[in-house]
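Colleague: here is a sequence with its predicted model. Questions after.
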Amino acid sequence: MIKFGTGGWRAIIGDEFTKENVQILAQAMSAKMKSEGVADKGIVLGYDRRFLSKEAMKWAGEVFAANGIVASLINKSSPTPLVMFYVMKHELPYGMMVTASHNPAIYNGIKLFTAGGRDADERQTAEVEEYILDVALPVPAMDYDEALSKGMIKEFYPMNEYIDNILARVDVEKIKAAGLRVALDPMYGVSETAIKTILLTSRCEMDTIHSRHDTLFGGKLPAPNEAAMEPLRTCVLDGRCDIGIATDGDADRIGVIDDKGRYLSPNDILVLLYYYLTKFRHERGPVVRNLCTTHMLDRIAERFGEQCYEVPVGFKHISAKITETDALIGGESSGGLTVRGHINGKDGVYAAALLVEMLAVTGRRISEIYDDIGQEFGRLFMVEKNYSFKASRKEELLKVLIENKEIPDLPFDIQKTSYMDGCKVYFKNGGWVSARFSGTEPLLRIFCEMPDKDSAEKVCAIYRDFLGLEG
């Protein structure tokens, strides 16, 4: 019942996300750590603000303790990148974060991190699933208070170490001199403490919304998409803020509202930061994106004599390629990005700090920088469509897309096709369309990027009709 997708294990609370399954996963990890000879190094665990997240972290800690593995538990709800940072900084073999990221409130889950603070790759998660098959019930668990008294569970809060690392990597003095006003929407999640501490230390003025603890996330998805960021847009315009920043439920993804109230997509943010780092910070290196992320990054890379690498969906692929190529930045259209020199995974907190630094260093409004990029590199327009389908149709859809490699009759000249992850068609005009199954939800995702929005909408509609999808 425990299967890892592109973003860890996620399941509906009370259905597959249960105390027993959390304990089974912890027991499987304990066995894996013992077999690898790393059990003596311990493991770190964190949790977000979702229902049962803290309890699930404790359940897992009790199992590790019963297996003789010291579990260091972060005793306040915290960003996912904090756990990744701690694994990397303290050279731990593994870390776990109880979160379902941006999924609906009825979900919870666990993300697994490996040495270096990286997202566990398919090989690692497949091995965990093999160990799960060998777990015998009932799973051994040590009483929490007993484990604390014996030192098998340790409670701590390493937020300062994480924040100091980010402050050391941004130009705090330039930000102080700029006198910026920032609106923040943590979407009832866990980013507020870290982002506010960093920006208040840098003497920014702050307006914050949606900061209270609400396990239902205000009745909306804790995802920084355009529809969910309407309240932030109002806050930016009413408060005359220089930028509005939103993060998802566990703070590894980011969304932006510019000074004119315009929503900037994760693609726009990636482009802005790669442009800023190369042109103004004078840093050099390739860029890594997944196959559903904007090809504007390719244009910027070419302009600065660099290369853009394409990988499958799943941040573990981006992290691995960054390490392999010493890339400057890597990211995905769903809102996650990482920058060389920080952690080996996505971090909405660090991205927020870099964006504010960008405004301070350039002395320009974010809307002006965005328009400058458009004038220099042109524009591409992306459309994303998510289609749900009955489980009985998945095999049929897989056969059409992957086995038979069928594509619809498209009104643009095709350059090539790729089946690295789903099906992606590249057009000679610089556009593309991708159709792939979500790794975390029962959805077929169709992305299309074209020189104009109407063409992108048209291609998505053709694919929808070809596959007999509704919506």
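Modeller: Arrived safely. Numbers count the residues shown, from 1 in each chain.
Colleague: in the stretch 1-150 of the chain, where is pLDDT below threshold?
Modeller: By pLDDT under 70, the stretch 1-150 of the chain contains no weakly predicted segment.
Colleague: for it, just list every one of the helices.
Modeller: 19-35, 53-66, 80-89, 122-133, 144-149 (DSSP state H, counting those that start in this stretch).
Colleague: can you list those helices in CSV and add distance to Ile243?
Modeller: Where C-beta positions appear, they are placed from N, C-alpha and C, glycine not excepted. Putting the helices of the stretch 1-150 of the chain into CSV (distance: least, C-beta to C-beta, whole Å) gives the following:
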stretch, distance to Ile243
helix 19-35, 38
helix 53-66, 29
helix 80-89, 20
helix 122-133, 36
helix 144-149, 42
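Colleague: of the ones you listed, which is nearest Leu273?
Modeller: helix 80-89 (15.7 Å; C-beta to C-beta).
Colleague: what comes up buried for the closest one?
Modeller: Using 16 or more other C-beta atoms under 10 Å as the test for burial, helix 80-89 gives Thr80, Pro81, Leu82, Val83, Met84, Phe85, Tyr86, Val87, Met88.
Colleague: which other residues reach it?
Modeller: Outside helix 80-89, the residues that touch it by C-beta atoms under 8 Å, 6 or more residues apart in numbering are 44-46, 48, 74, 92, 94-97, 99, 101, 111, 113-118, 158-159, 161-162, 165, 194, 250-252, 343-350.
Colleague: and for stretch 436-446?
Modeller: Contacts of stretch 436-446 (C-beta under 8 Å, 6+ apart): 5-7, 10, 103, 291-292, 313-314, 384-389, 391, 394, 397-398, 421-423, 433-435, 460, 463-464, 467, 469.
Colleague: filter these down to the buried ones and hand me the ChimeraX line.
Modeller: Here is the ChimeraX command that selects the buried residues among those (16+ other C-beta under 10 Å):
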select :6,7,10,103,291,292,313,314,384,385,387,389,397,421,422,423,433,434,435,460,463,464,467,469
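Colleague: return the subset of the contacts of stretch 436-446 lying in helices.
Modeller: Lys394, Leu397, Leu398, Cys460, Tyr463, Arg464, Leu467 (DSSP state H).
Colleague: Thr197 is in contact with Ala353, correct?
Modeller: No - in this structure Ala353 lies outside contact range of Thr197 using C-beta atoms under 8 Å: 10.5 Å.
Colleague: the more surrounded of these two?
Modeller: Comparing Ala353 with Thr197 by neighbour count (other C-beta atoms under 10 Å), the higher total belongs to Ala353, at 26 against 18.
Colleague: in three-state terms, label that one for me.
Modeller: The three-state label given to Ala353 by DSSP: H, G, I helix; E, B strand; the rest coil is helix.
Colleague: can you pull the pLDDT of it?
Modeller: pLDDT recorded at Ala353 is 98.
Colleague: how about the contacts made by the closest residue in space to it that isn't next to it in sequence?
Modeller: Counting by C-beta to C-beta, 6 or more residues apart in numbering, Ala353 lies nearest to Val170, which is 4.8 Å off, once chain neighbours are set aside. The contact partners of Val170, by C-beta under 8 Å, 6+ apart, come to Ile198, Ser202, Ala353, Leu354, Val356, Glu357.
Colleague: can you get me a residue count around the fifth one?
Modeller: What it means is Val356. Around Val356 there are 26 other residues, counting by other C-beta under 10 Å.
Colleague: how near is it to Ile243?
Modeller: Taking C-beta to C-beta, to the nearest Å as the measure, Val356 falls 7 Å from Ile243.
Colleague: and for the two, which residues touch both?
Modeller: Residues touching both Val356 and Ile243 (C-beta under 8 Å, 6+ apart): Leu180, Val182.
Colleague: now the strands for the stretch 101-250 of the chain?
Modeller: 107-114, 118-119, 153-156, 181-185, 205-208, 243-247 (DSSP state E, counting those that start in this stretch).
Colleague: out of these, deepest packed?
Modeller: strand 243-247 (a mean of 29; mean count of other C-beta atoms under 10 Å).
Colleague: for whichever helix or strand comes after it, which helices and strands make contact with it?
Modeller: Under the assignment DSSP states H and E, the closest C-terminal helix or strand after strand 243-247 is strand 254-257. Packing partners of strand 254-257 (3 or more C-beta pairs under 8 Å, 6 or more residues apart in numbering; DSSP states H and E): helix 230-238, strand 243-247, strand 263-264, helix 266-279, helix 348-362.
Colleague: before we move on, back to that, looking at the helices of the stretch 1-150 of the chain, which is nearest to Ala177?
Modeller: Closest of these to Ala177 is helix 80-89, at 27.3 Å (criterion: C-beta to C-beta).
Colleague: could you list the domains of this protein?
Modeller: As assigned by automatic domain parsing, the chain contains the domains 9-157, 162-377, 381-467.
Colleague: okay if I get the buried residues of helix 80-89 as CSV plus distance to Gln27?
Modeller: Listed next are the buried residues of helix 80-89 as CSV, based on distance: C-beta to C-beta, whole Å:
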residue, distance to Gln27
Thr80, 23
Pro81, 27
Leu82, 25
Val83, 20
Met84, 23
Phe85, 26
Tyr86, 23
Val87, 20
Met88, 25
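Colleague: just for the stretch 251-400 of the chain, where's the confidence low?
Modeller: Those would be none, if you go by pLDDT under 70 across the stretch 251-400 of the chain.
Colleague: now, of the helices and strands packed on strand 254-257, which is deepest in the fold?
Modeller: The most buried one of the helices and strands packed on strand 254-257 (mean count of other C-beta under 10 Å) is strand 243-247, showing a mean of 29.
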